[in-house]
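Chemist: what's the 3D shape of this:
(4 chains)
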Number of protein chains: 4
Amino acid sequence: MASNSFGDFFKYTSWGESHGKAIGCVVDGVPPLIDLKEGDIQQYLDLRKPGQSKFTTQRKEDDKIEILSGVFEGKTTGTPISLIIYNQDQKSKDYGDIKDKLRPGHADYTYQMKYGIRDYRGGGRSSARETAMRVAAGAIARKIMPSNIKIMASMIEMGDIKICKEKWDYKTIINNPFFIADKSKIKECEDYLTQIRKSGNSVGAKIELRISNVPVGLGDPIYDKLDSKLAAAIMSINAVKSVEIGAGDNVAKITGSENADEISVNNKLVEFETNNAGGILGGISSGQDIILRFAIKPTSSILIPKKTINTKKENTEILTKGRHDPCVGIRAVPVAEAMAACVIADSYLKNIALTGKK
Amino acid sequence: MASNSFGDFFKYTSWGESHGKAIGCVVDGVPPLIDLKEGDIQQYLDLRKPGQSKFTTQRKEDDKIEILSGVFEGKTTGTPISLIIYNQDQKSKDYGDIKDKLRPGHADYTYQMKYGIRDYRGGGRSSARETAMRVAAGAIARKIMPSNIKIMASMIEMGDIKICKEKWDYKTIINNPFFIADKSKIKECEDYLTQIRKSGNSVGAKIELRISNVPVGLGDPIYDKLDSKLAAAIMSINAVKSVEIGAGDNVAKITGSENADEISVNNKLVEFETNNAGGILGGISSGQDIILRFAIKPTSSILIPKKTINTKKENTEILTKGRHDPCVGIRAVPVAEAMAACVIADSYLKNIALTGKK
Amino acid sequence: MASNSFGDFFKYTSWGESHGKAIGCVVDGVPPLIDLKEGDIQQYLDLRKPGQSKFTTQRKEDDKIEILSGVFEGKTTGTPISLIIYNQDQKSKDYGDIKDKLRPGHADYTYQMKYGIRDYRGGGRSSARETAMRVAAGAIARKIMPSNIKIMASMIEMGDIKICKEKWDYKTIINNPFFIADKSKIKECEDYLTQIRKSGNSVGAKIELRISNVPVGLGDPIYDKLDSKLAAAIMSINAVKSVEIGAGDNVAKITGSENADEISVNNKLVEFETNNAGGILGGISSGQDIILRFAIKPTSSILIPKKTINTKKENTEILTKGRHDPCVGIRAVPVAEAMAACVIADSYLKNIALTGKK
Amino acid sequence: MASNSFGDFFKYTSWGESHGKAIGCVVDGVPPLIDLKEGDIQQYLDLRKPGQSKFTTQRKEDDKIEILSGVFEGKTTGTPISLIIYNQDQKSKDYGDIKDKLRPGHADYTYQMKYGIRDYRGGGRSSARETAMRVAAGAIARKIMPSNIKIMASMIEMGDIKICKEKWDYKTIINNPFFIADKSKIKECEDYLTQIRKSGNSVGAKIELRISNVPVGLGDPIYDKLDSKLAAAIMSINAVKSVEIGAGDNVAKITGSENADEISVNNKLVEFETNNAGGILGGISSGQDIILRFAIKPTSSILIPKKTINTKKENTEILTKGRHDPCVGIRAVPVAEAMAACVIADSYLKNIALTGKK
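Modeler: Okay, here's the model as predicted:
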């Protein structure tokens, strides 16, 4: 029921506004005796942090995480872990237009209408700044599941550019400003996004998420299916407009004889010949790689004027100056990984309770 | 936590296996004093019922719903409403291959691995038979929300066929065996699916869902966003592999200046010039039509033999005889409407509690 | 949120009215591969069943339980278990006064005011008939926890009579009409309650609950403490007005040096010298017996006229004829055991998930 | 499921250890547009704050509350409200015995056994320091419900002393060190507790809670009954060992003709002649005062040596020096009020959602 909490057993509750004093989260359901220090979380936050290249917002935030509770002498204690990041870049300033004008494509209109009030500074609660806490919670989630589970996301489309790469190398992905898996495409992405940025515009993207070495049996039918939970998790990320699993959208076009992944046993190991299912059958992980893709819209904060209304419901126009991401899809990569980690951790703990299998 | 429950405030819990004694659900969180009789539910079940045309499974089920509690003298009392459908077509018989063989593309393998046991008869709990209860709960959900809200789904793709129709007429949709909005395409669908069926094959489909007259303000950020809840609800339906909202997948390809829906006021009414957002901004309904599309895979129960394994983990082959849907996407249409109704009802009640607005 | 569900991981949802078609519940979160047949549940229902002696209501109900789902070939499958009891004694009849008059001491007034409607037949949803489903769910709960855990309740006070017995024998308790542990008091109880019944009156009672062999570590601070959950569970039983754990109410009167249970180790076993804590410290089971007591009020359905109002808010008088329990506390004994079993099962599964300890 | 969260709709999640960096909570489900400033919360914290008289712990804590999110320009925004108190008195020091010795009557043994680790400093998470956050959340809860609802608690027993007072005056209660309602008993309490304190001992207490002007209809049967929720809330407070509602424990001894509260109508107002029910019938508020009492044990931290074991499971002895409350029941008074406020606020919002009644 609590709208700002995610998960059932492994559960975190996030709080904070873009330009408030701080943002934070409380992570509950973490088993005791797990080694945890701030650096374990910081490494993932650093991947998401703004201002890392000219292709993300120039807002200056160290995003330095602090653990306030739940860890004693370097180990989790089974009690809630409170995390906080103080906002540095939140000094009072002129918020100009956005105080009164409701930016099209943003949550300004709906927040104003639902609540009758909104913290307009930087989008307040609706800002993607909240996703820092998803990344933080995800870093803890990763420590709960078996260590061989690998969760990787990579950008596979940005506007007109498509990046195809069958095998991914994690180092490659995290060492370029676009989180793409194909080094040879970096230059093309740079040129393309530079042009988008210079024109004061923004562009959408598509991200692929791959989770390997997932044990068979995670996910709980009927309404806690692993694919359903992943879809909810990903769709809750700001600007996401689609989610597909395995063959995804394409299944509408094919036949049953093309779609079913045949199964066989080789050397006592169960193998699937294809992976149209994307690693999930009947809502339960099959042991195949979980494959998920999602599209993320271009930010509506652009330097090109758009028609809109103000809080008095009068017609006006807006042009969003300031430090915005020309492609918000880039920073969604570590966020998606984190959300996947939270889902897997939650399903993993539930499965232990129900079946006793670790 | 309960894996077989859906919703928070308006909440239903479903139970039952395909070939068990009965299927049913318990609906909690229904306000008192609502007129409710079995016919109100039956009308929606009849749309989903098998055996209605040669294009759906020939399994004979009346799917006659019975209300066991929660209604007194024709009105809801605020207590839980228990619904039941006794399975008629469940007499003992030879389940043949599926007792030991794990059908590829189905949940047989994952259920067997997770639980160490499965009711193999007709897929047991993993059967789409469970969706009858979603339709039943959805019928009650519709009675909770303002009566002018319209929830309609329609098939827009089946294999190679695309059906485009800007304006939908509900009568047209429910009066053809494919739930398509364009009468002129019925013949083409019939011919196509007849051929699929005769070849012992099956085919995927894409469904569009449209919800009109939704009040502004439904949905609760950050993790109970209306789009996130809809995505979870739809992805929990058997065989669904993708969900997209508004411009959906296409947002990856476009720019911010193309994507943002401009807002204006005309005669004191707020209007959006386009609907790329699909009626949801920041997880909250904007008052525009909510637009959602999803792809549904072709059933893997086909007359064409496929390689698989048995419960002893030996290689074998399977060919699924019996009464199956050549396009399961058809019967997903009323199911998707029902899930949307449950999400809207739940969000509607929450919004009243938080903001007092009806 | 769902008001008719109990538990988080081991969770059941009950439904049904006293004189409706049936009552039932759906039990979710049951691990697979547990032997379960109707007889396992029926044995506990038979202890609670009305009409067993002249000291309980003469309403005739076989309370025959039927399993509708979740069990296959004698074993649980990890899917929801639906249970139903058809009401036999619900033929239409004259409900006389209670249709319009709001019985004092009952839920008639509050249900009518909250919902604007109530199923007045036998109290509808507010009837203690619902507790049959608690007993049924409890029977399944017992099969989830280690088999050496023993849950026993016994009546220790009825009106003026006090029953003290340090050691309890289960057979003695279930083989007398009062569920008392001291055989020598049976005659006194019979005489006392016969007199109460003949005078058209009713009387209160106090029940003690003892749970033995509980593993150390069940219960989850801060808001899922084992004592907090037990208190909620017991207080949710009809007519219960107090709950105390261990030394209970008496702790208000004593000093710290009297109250703290000293700990020692003997032959590597941890021992407590006293059990003022009632087996729970900081919300977590200590391994000592869990001791809980509760008081249950006398039913307000008596043959002595009482002032009340009717649904039109006019003054009137009521005298409840019909088949009522002169001491509803008696039948609360198996109900309390069942609620305790549900709490222990839920905490047991959670503890496995968090600590991996079975 | 989350063990550190309380409530469903109005929900808070608390975190922090006694001697960690800080303690805090996140309050979700707060309606927008409510005036809220730190002083609104501080006034209640000041009542609970340690070191106010020689009858409470001499630990020095300002308990200065800070709002970190969810409030904008003095008003709530409908987003989560994060509250924090930095621990001042937590400098590293010698924790002496309690590092290795498990204090009897405390949660040391059970935490150590369940989690395999515990923050032993001041009891860590199991410390009553956590209750500061209950008081903080309760202060917000009070602002959600109708302003005429009055929630008051008062100490009615301390060891041998009984305080009886039919009418309570809030100013009297909060202006004496014992939160008693009868001024004439202050001296007796002072003398009694001074003697307890000087002897290095501690003593238990009983508290009564009264809630007036509760609208009819709060509480949701069957498992969200108002009395069940209150019992869980109160029993979750450190050291509480019993909870009773209305006539409470005494109902075991009386007859139905004595117990039922007769109802009548006078000048169109519904009146009850007595209040044995304690303001709740069938789990729903009746509009009468809600009356609840609970017993709280004497702290086990005393200057009198007690036998115990250490973490190596060896026999030893402990004597707890330091700053402890001779009667922890005193500071439970504002905590109980706060928990009651949280329950009422939660039930109040639910009732709006279900019935539309404010």
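
Chemist: Please name the nearest non-neighbouring residue to residue A:250.
Modeler: Counting by CB to CB, 6 or more residues apart in numbering or on different chains, residue B:295 is the residue found nearest to residue A:250 once chain neighbours are left out, at 7.3 Å. Yep, even glycine has a C-beta here, placed from its N, CA and C like the rest.

Chemist: Look at that neighbour and say how many residues are nearby.
Modeler: 25 (other CB atoms under 10 Å in any protein chain shown).

Chemist: Could I get the pLDDT score of it?
Modeler: pLDDT for residue B:295: 98.

Chemist: got the phi/psi numbers for it?
Modeler: Backbone dihedrals for residue B:295, given as degrees, to the nearest 10, come out at phi -100, psi 140.

Chemist: Contacts only, for it.
Modeler: A:244, A:248-252, B:157, B:204-206, B:240-242 (CB atoms under 8 Å, 6 or more residues apart in numbering or on different chains).

Chemist: contacting residues around residue A:331?
Modeler: Residues in contact with residue A:331, defined by CB under 8 Å, 6+ apart, are A:48, A:50, A:56, A:128, A:131, A:325.

Chemist: do the same with residue A:49
Modeler: Contacts of residue A:49 (CB under 8 Å, 6+ apart): A:61, A:62, A:63.

Chemist: redo that, cut-off 7 Å
Modeler: A:61, A:63 (CB atoms under 7 Å, 6 or more residues apart in numbering or on different chains).

Chemist: likewise residue A:310?
Modeler: So residue A:310 contacts A:100, A:101, A:102, A:316 (CB under 7 Å, 6+ apart).

Chemist: next one: residue A:230
Modeler: With CB under 7 Å, 6+ apart, residue A:230 has these contacts: A:292, A:340, A:343.

Chemist: Just confirm residue A:17 contacts residue A:119, I think it does.
Modeler: Yes: between residue A:17 and residue A:119 there is a contact under CB atoms under 7 Å: 4.9 Å.

Chemist: where's the nearest residue to residue A:170 once chain neighbours are set aside, which helix or strand?
Modeler: Once flanking residues are discounted, residue A:170 sits nearest to residue A:152: 5.9 Å by CB to CB, 6+ apart. Per DSSP states H and E: residue A:152 is located in strand A:150-158.

Chemist: how about stretch A:251-267: buried residues?
Modeler: A:251-265 (16 or more other CB atoms under 10 Å in any protein chain shown).

Chemist: contacts for that stretch?
Modeler: A:247, A:270-277, B:102, B:104-105, B:109, B:157, B:159-160, B:196, B:201-206, B:241, B:295-300, B:302, B:304, B:306-309, B:313-315.

Chemist: Residue C:315 versus residue A:352, what's the distance?
Modeler: 60 Å (CB to CB, to the nearest Å).

Chemist: Over to residue A:129?
Modeler: 62 Å.

Chemist: Equivalent analysis for residue A:42, please.
Modeler: Distance from residue A:42 to residue C:315, by CB to CB: 71 Å.

Chemist: Now, the contacts of stretch A:251-267 that are in helices?
Modeler: The helices, defined by DSSP state H, take in B:109, B:196 from the contacts of stretch A:251-267.

Chemist: Can you turn the buried part of the contacts of stretch A:251-267 into a PyMOL selection?
Modeler: Typed into PyMOL, the line below selects the buried ones among the contacts of stretch A:251-267, using 16+ other CB under 10 Å:
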select buried, (chain A and resi 247+270+272+276+277) or (chain B and resi 102+104+105+109+157+159+196+201+202+203+204+205+206+241+295+296+297+298+299+300+302+306+308+309)
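
Chemist: thinking residue A:3 is in contact with residue B:223, fair?
Modeler: Yes: with contact defined as CB under 7 Å, residue A:3 reaches residue B:223; the gap is 6.1 Å.

Chemist: what angle sits between the lengthiest helix in chain A and strand A:150-158?
Modeler: Assignment by DSSP H gives helix A:329-355 as the longest helix of chain A. Here the directions of helix A:329-355 and strand A:150-158 differ by 150 degrees (axes from the mean of the first three to the mean of the last three CA atoms, to 10 degrees).

Chemist: Show the backbone phi and psi for residue A:83.
Modeler: Per degrees, to the nearest 10, the backbone of residue A:83 is at phi -120, psi 140.

Chemist: residue contacts, it?
Modeler: Residues in contact with residue A:83, defined by CB under 7 Å, 6+ apart, are A:24, A:25, A:27, A:65, A:67, A:136.

Chemist: Let me see the contact set for the fifth one.
Modeler: When contacts are counted by CB under 7 Å, 6+ apart, residue A:67 touches A:38, A:81, A:83.

Chemist: Could you check how far the last one is from chain C?
Modeler: Okay, so that is residue A:83. Per CB to the nearest CB, to the nearest Å, residue A:83 is found 19 Å from chain C.

Chemist: ok, and for stretch A:15-24, which residues are buried?
Modeler: So, applying 16+ other CB under 10 Å, buried residues of stretch A:15-24: A:15, A:16, A:17, A:18, A:19, A:20, A:21, A:22, A:23, A:24.

Chemist: Sort out for me which of those residues are in strands.
Modeler: A:15, A:16, A:22, A:23, A:24 (DSSP state E).

Chemist: Out of the residues you listed, which is nearest to residue A:146?
Modeler: Set against residue A:146, the nearest of these by CB to CB is residue A:24 (28.2 Å).

Chemist: contacting residues around the closest one?
Modeler: Shown in contact with residue A:24 (CB under 7 Å, 6+ apart): A:15, A:16, A:82, A:83, A:84, A:85, A:133, D:82.

Chemist: Now do it, the pLDDT please.
Modeler: If you check residue A:24, the pLDDT there is 98.

Chemist: Leaving out the residues flanking it, which one is nearest to it?
Modeler: Nearest non-adjacent residue to residue A:24, counting by CB to CB, 6+ apart: residue A:84, 4.1 Å away.

Chemist: Of the contacts of residue A:310 - the most surrounded one?
Modeler: residue A:102 (25 neighbours).

Chemist: just to revisit the earlier point, could you export the contacts of residue A:67 to JSON lines, including columns for pLDDT and distance to residue B:348?
Modeler: JSON lines is the format used below for the contacts of residue A:67 (pLDDT from 0 to 100; distance: CB to CB, whole Å):
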{"residue": "A:38", "pLDDT": "98", "distance to residue B:348": "42"}
{"residue": "A:81", "pLDDT": "98", "distance to residue B:348": "35"}
{"residue": "A:83", "pLDDT": "98", "distance to residue B:348": "34"}
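
Chemist: now, among these, which is nearest to chain D?
Modeler: Minimum distance to chain D across the contacts of residue A:67 is 7.5 Å, recorded for residue A:81 (CB to the nearest CB).

Chemist: show me what contacts that closest one?
Modeler: A:27, A:30, A:67, A:69, A:70, A:71, A:140.

Chemist: same check, this time on residue A:336
Modeler: A:153, A:207, A:209, A:234, A:237.

Chemist: go on, residue A:229?
Modeler: A:343, A:347, B:232 are the contacts of residue A:229 under CB under 7 Å, 6+ apart.

Chemist: if we can go back for a sec, reformat the contacts of residue A:67 into CSV and put distance to residue D:113 next to each item.
Modeler: Below are the contacts of residue A:67 laid out as CSV (distance: CB to CB, whole Å):
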residue, distance to residue D:113
A:38, 29
A:81, 21
A:83, 28
